[in-house]
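1. Give me a 3D structure for the following:
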Amino acid sequence: MSRIFLLSCNVTTEPYPVYPLGMAVIASALQGAGHQVQQFDYLASGRSEEKLREALRGFAPDFVCLSLRNIDNVDSFASERAWYLGLARAQVALIREVTEAPLIVGGPAFSIMPGEILSYIGADFGVAGEGEKAVCDLIEALGRGEDPPRIVSGNAAPLSGEQMVSPLYDQELIDFYVGESGMVNLQTKRGCPHNCSYCTYPALEGNLFRVREPKAVVDDIERIQRDHGAASFFFTDSVFNDAAGHYLLVAEELIRRRTKVRWCGFFRPQGLGRPEISLLKASGLYAVELGTDAASDTTLRALNKGFTFADVLAVNEACVAEELPCSHFIMFGGPGETLETVDEGLANIARLKHAVVFAFSGIRILPGTDLHAQAVREGVLEASAPLLMPSYYFSPGLDPEAMNARILASFQGRRDRIFPPSDGQEKMAVMHRFGYRGILWDKLISYRSAGKKA
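-> Residues are numbered from 1 along each chain as shown. Coordinates of the predicted model:
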């Protein structure tokens with residue numbers, strides 16, 4: 001069996017530092033196949049090149065696996081420094097200085113543009129899509145002296161929920177991320193059946209939900225609590241509240257086993273009423289992050305969201321009734337946006353009580369999405385335009401500067417309205433310096449003057 005060094009290349013801390021769950025899952029799969037593994041997180045190392053060199057020399061790997069989580073931070077206001085592939089390329093060069101071991105790259109960022117990224121960063125092989133089985137098969141093929149393709153796909157035969165391995169967490173990394181963000185990541189399902197025009201989730205994980213057994217999810221939570229001392233979690237599912245109700249079974253299992261846990265996740269603002277939120281809160285849910293994405297029915301339809309702003313208001317009101325902090329992530333400037341829809345959207349946002357709103361200007365264009373095809377049709381982007389560096393969609397005819405000015409004016413003086421995204425990072429940094437840990441935006445909401453809801 002082989003010695004395999006795994007490197008998480010991620011260094012972004014926006015909106016908060018995130019445990020490298022993908023690396024932990026691959027490490028678990030490789031260890032389960034009999035390999036010896038070592039996990040190294042570049043962010044947790046203090047971004048230290050010397051510590052990376054020392055770890056590589058000490059471990060003397062037969063293979064090195066790189067995990068790429070982000071291409072950039074999808075913020076049109078950000079500088080070029082928020083583009084992360086240059087760092088990954090430099091890490092590959094550093095690894096080449098220390099070892100001749102073959103380099104394999106994977107992760108969600110890589111899977112979006114595998115050919116372009118493999119060529120740019122200079123790794124030897126890549127795994128696009130689901131990695132547990134594909135990376136084990138690739139390493140076994142290389143160990144037998146075979147000549148596999150440079151890029152292999154893990155999506156040809158998606159794993160069932162029962163086949164998904166539990167992550168192999170590392171205590172040093174747990175300590176770092178709990179210290180920085182107060183929480184550890186976990187998945188209850190993969191895939192997404194929704195077809196939002198800008199999104200890559202269905203291409204990366206499949207267009208159906210593949211759910212893990214609630215018992216297995218809670219087993220993982222209790223194991224992490226017992227073995228690593230972590231008690232707060234973030235569920236990284238593309239959408240936690242699936243229409244079939246698997247998410248409620250997870251909550252019920254947590255309640256049945258009296259598992260003391262605090263958790264948060266990504267939710268779709270539809271079909272989530274007060275009874276569901278009450279149950280989730282009883283299981284440990286302390287805040288909700290909503291993928292609202294647009295603020296008017298016109299722009300919601302244009303993004304193919306499949307819900308209306310009335311649905312958004314209903315979910316927000318249910319959260320208020322249960323005094324549960326919620327946040328909305330909203331992108332302005334997308335398909336169908338005009339200054340009139342901007343004004344309508346800002347008026348709608350003003351109706352979202354006791355909620356934090358994060359607003360973004362423009363939408364990052366990613367290959368293979370409906371938004372990419374629309375941008376080409378409308379002449380926003382050339383069909384052959386490279387997308388490794390960020391390109392943003394703004395509705396043709398819209399004046400982005402006028403739009404941004406309207407958003408800034410509407411949000412002025414509101415600590416619970418965040419625009420541009422860097423404003424949120426500044427607020428979070430202040431709270432972090434005062435010792436707060438977690439998602440932090442929930443601290444911007446107070447129910448002290450709201451009164452008890454009926």
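2. show me where the stretch 251-400 of the chain has helices.
-> Per DSSP state H, counting those that start in this stretch, the stretch 251-400 of the chain carries helices over the ranges 274-283, 297-302, 309-321, 339-349, 370-377, 400-411.
3. Quick check: which of those is nearest to residue 145?
-> helix 370-377 (39.7 Å; Cβ to Cβ). All C-beta spots, glycine's among them, are computed from the backbone N, C-alpha and C.
4. how about the helices of the stretch 251-400 of the chain in JSON lines, adding mean pLDDT?
-> Formatted as JSON lines, the helices of the stretch 251-400 of the chain follow (pLDDT from 0 to 100):
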{"stretch": "helix 274-283", "mean pLDDT": "98"}
{"stretch": "helix 297-302", "mean pLDDT": "98"}
{"stretch": "helix 309-321", "mean pLDDT": "98"}
{"stretch": "helix 339-349", "mean pLDDT": "98"}
{"stretch": "helix 370-377", "mean pLDDT": "97"}
{"stretch": "helix 400-411", "mean pLDDT": "97"}
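5. Quick one: the ones you listed as TSV, columns for distance to residue 189 and mean neighbour count too.
-> Supplementary listing: these in TSV, determined by distance: least, Cβ to Cβ, whole Å; neighbours: other Cβ atoms under 10 Å:
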stretch	distance to residue 189	mean neighbour count
helix 274-283	15	17
helix 297-302	24	20
helix 309-321	20	20
helix 339-349	30	18
helix 370-377	23	18
helix 400-411	34	16
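6. could you dump those helices to TSV with distance to residue 199?
-> Converted to TSV, these look like this (distance: least, Cβ to Cβ, whole Å):
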stretch	distance to residue 199
helix 274-283	24
helix 297-302	14
helix 309-321	18
helix 339-349	20
helix 370-377	8
helix 400-411	22
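7. out of the ones you listed, nearest to residue 389?
-> Using Cβ to Cβ, the helices of the stretch 251-400 of the chain put helix 370-377 closest to residue 389, at 14.6 Å.
8. ok, and what's touching the closest one?
-> 195, 197-198, 304, 334-335, 363, 365-366, 380-383, 387, 391, 393 (Cβ atoms under 8 Å, 6 or more residues apart in numbering).
9. can we see that at 10 Å?
-> Outside helix 370-377, the residues that touch it by Cβ atoms under 10 Å, 6 or more residues apart in numbering are 195-200, 302-304, 334-335, 363-367, 369, 380-385, 387, 391-394, 396.
10. Just the buried ones out of those residues, please.
-> Among these, those buried by neighbour count (16 or more other Cβ atoms under 10 Å) are 196-200, 302-303, 334-335, 363-366, 369, 380-381, 387, 391-394.
11. Which of these fall within strands?
-> 363-364, 392-393 (DSSP state E).
12. how many other residues sit next to residue 149?
-> 10 (other Cβ atoms under 10 Å).
13. pLDDT below threshold where in the stretch 351-454 of the chain?
-> 428, 431-432, 434, 448-454 (pLDDT under 70).
14. again, 80 this time
-> 422-438, 447-454 (pLDDT under 80).
15. what do you get for the stretch 51-200 of the chain?
-> 78-81.
16. and with 50 instead?
-> Scanning the stretch 51-200 of the chain for pLDDT under 50 picks out no residues.
17. Which residue ranges of it form strands?
-> Secondary structure of the stretch 51-200 of the chain (DSSP state E, counting those that start in this stretch): strands located at 63-67, 103-106, 125-128, 151-153, 184-186, 189-190.
18. Need the CA coordinates for whatever helix or strand comes next after the shortest one. CSV is fine.
-> Spelled out, it's strand 189-190. Next in sequence after strand 189-190, counting helices and strands by DSSP states H and E, comes helix 201-205. Taking Å, rounded to 0.1, in the frame of the first residue of the first chain, the C-alpha atoms of helix 201-205 are listed here in CSV:
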residue,chain,number,x,y,z
TYR,A,201,-24.1,21.8,-8.0
PRO,A,202,-26.1,19.5,-10.2
ALA,A,203,-23.1,19.0,-12.5
LEU,A,204,-20.8,18.4,-9.6
GLU,A,205,-22.9,16.1,-7.4
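19. Which is the succeeding secondary structure element to helix 201-205?
-> Per DSSP H and E, the helix or strand that comes after helix 201-205 is strand 210-211.
20. Touching that next one from outside, list them.
-> Against strand 210-211 from outside (Cβ under 10 Å, 6+ apart): 130, 158-164, 187-191, 217, 237, 242, 244, 246-247, 249-250.
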